[in-house]
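Enquirer: this is a predicted model, with the sequence first.
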Amino acid sequence: MLTGNALKAALRPLYRGLCRAYTNARFTPSQHAERMKSAWNQRARENAWHFIATGKTDWSEEEFFASGERTVSEHILTDIENICQGKSPDRMRVLEIGSGAGRITRALARTFGEVHAVDVSGEMVRRARASLRDCLNVHLYENNGMDLSVIPELPFDFAFSYLVFQHIPSYAVIEGYVREAGRLLRPGGLFKFQVRGNTADESKADDTWVGFAFSDECARAMAGECGFEARYQAGAGSQDFWLWFFKKQ
Ligand SMILES: C[S@@+](CC[C@H](N)C(=O)[O-])C[C@H]1O[C@@H](n2cnc3c(N)ncnc32)[C@H](O)[C@@H]1O
C-alpha cells in the first residue's frame with residue numbers, strides 16, 4: 001500500500017486533472033482572455049516594466065531594453081542552428097507571442113528580417129509602439145488573448161514566447177496558441193517557448209499571474225495534439241520550463 005510521499009505522488013496526476021477540469025469549467029477561453037486583458041492593462045498602467053521583468057521596480061529605459069538583449073543572447077543566439085536551420089536571420093520572418101512593452105521585440109528586430117509581435121494588452125502595445133518607433137521591421141498587434149487572427153497569414157520561420165504562458169491559467173488558451181503558431185509556421189519551423197514547470201503548485205482558475213503548470217508528459221501530449229514534435233526540453237519541474245516544438249513536415 002502507498003503511504004506518505006509515494007501516495008501524494010501517485011495522486012498528483014488525478015489532482016492536476018481535476019484542477020484543469022475545474023479551471024476550464026469555471027471560465028471559457030474567451031472569459032479567461034477578457035480577464036487577462038483587463039489585468040494586464042491595469043498592470044501596464046501601474047508599472048508596465050516592473051510587471052514584465054519583476055527584478056526591479058524602477059528600470060531605466062537603457063537597462064530594461066538591455067535585459068531584452070540578454071534574453072535574445074541566452075535563448076536565441078546560442079541556438080541558431082535549431083532556429084535558423086541554415087537560413088540567414090535577416091531573411092527570416094519571426095512571430096513573438098506576448099511581447100509586452102517590446103523588451104525582447106527590439107532585440108529580435110536587430111537580429112531578424114521581420115518581426116510580428118502580439119499582446120493581449122492594448123496598454124502594453126501602446127508602450128511598445130512608442131519605444132520601437134524606429135524599428136521599421138516590427139509589426140505590433142493587440143489581440144484577443146486567445147488566438148492569432150490579427151496576424152496576416154504569412155509563412156513564419158520561427159516563433160518565440162517568454163514569460164507569457166507562465167501567467168495563463170488555462171490549458172485550453174495555451175493549447176490554442178500552440179495550434180495557432182502551428183498554423184502560421186512553415187513546416188519544420190520551430191516554436192520555442194517557456195511555460196511554468198513547477199507542478200507542485202497549482203494555479204487558480206481566477207488567477208492571471210500564476211499560470212498552468214506543465215509536466216513533461218503534458219507538454220509532449222500537447223505537441224502531438226497540435227501537430228508538433230516536442231524535440232527538446234529544458235528545466236522540467238522549474239519555473240522556466242523551455243520547450244522546442246518543431247512543426248511536423
Ligand atoms: C511578464 S510580461 C512579458 C513580456 C515579454 N514577453 C517580455 O519578456 O518582455 C507578460 C506579457 O504577456 C501578455 N499576456 C498575458 N496573457 C496573454 C494572453 N493570453 N495573450 C497574449 N498576451 C498575453 C501580457 O499582456 C504581458 O505583456
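Expert: Thanks, I have it. All values derive from a computational prediction rather than experimental measurement.

Enquirer: please make it C-alpha for all contacts and neighbour counts, starting now.
Expert: Fine.

Enquirer: which stretches of this protein form helices?
Expert: For the chain, the helices defined by DSSP state H cover 4-26, 29-52, 61-75, 80-84, 103-111, 122-131, 171-184, 216-225.

Enquirer: these: which one's closest to Q239?
Expert: In terms of Cα to Cα, the element of the helices of the chain nearest to Q239 is helix 216-225, at 13.1 Å.

Enquirer: so how far is that closest one from its chain's centroid?
Expert: Relative to its chain's centre, helix 216-225 lies at 16 Å (Cα atoms, centre = their mean, to the nearest Å).

Enquirer: with just CA atoms, put that helix into CSV.
Expert: Taking Å, rounded to 0.1, in the frame of the first residue of the first chain, the C-alpha atoms of helix 216-225 are listed here in CSV:
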residue,chain,number,x,y,z
ASP,A,216,6.8,16.7,-19.2
GLU,A,217,4.0,14.3,-20.2
CYS,A,218,1.5,17.1,-20.5
ALA,A,219,3.9,19.1,-22.8
ARG,A,220,4.5,16.1,-25.0
ALA,A,221,0.8,15.4,-25.3
MET,A,222,0.1,19.0,-26.3
ALA,A,223,2.8,18.9,-29.0
GLY,A,224,1.3,15.7,-30.5
GLU,A,225,-2.3,17.1,-30.4
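
Enquirer: and that helix, what's buried?
Expert: Neighbour-count burial for helix 216-225, with 16 or more other Cα atoms under 10 Å as criterion, is recorded at 216, 219-220, 222-223.

Enquirer: pick the most deeply packed of the helices of the chain.
Expert: Most buried of the helices of the chain by mean neighbour count (mean count of other Cα atoms under 10 Å) is helix 103-111; its value is a mean of 23.

Enquirer: what packs against it?
Expert: helix 61-75, strand 114-119 (3 or more Cα pairs under 8 Å, 6 or more residues apart in numbering; DSSP states H and E).

Enquirer: report pLDDT for F191.
Expert: We have a pLDDT of 99 for F191.

Enquirer: give me the neighbour count for the residue lying closest to it once chain neighbours are set aside.
Expert: The spatially closest residue to F191, leaving aside those adjacent along the chain, is A159, at 4.5 Å (Cα to Cα, 6 or more residues apart in numbering). If you count neighbours by other Cα atoms under 10 Å, A159 ends up with 25.

Enquirer: what do you get for the one 5 residues further on?
Expert: When counting by other Cα under 10 Å, one arrives at 20 neighbours for V164.

Enquirer: cool, and T57?
Expert: By other Cα under 10 Å, 12 other residues sit near T57.
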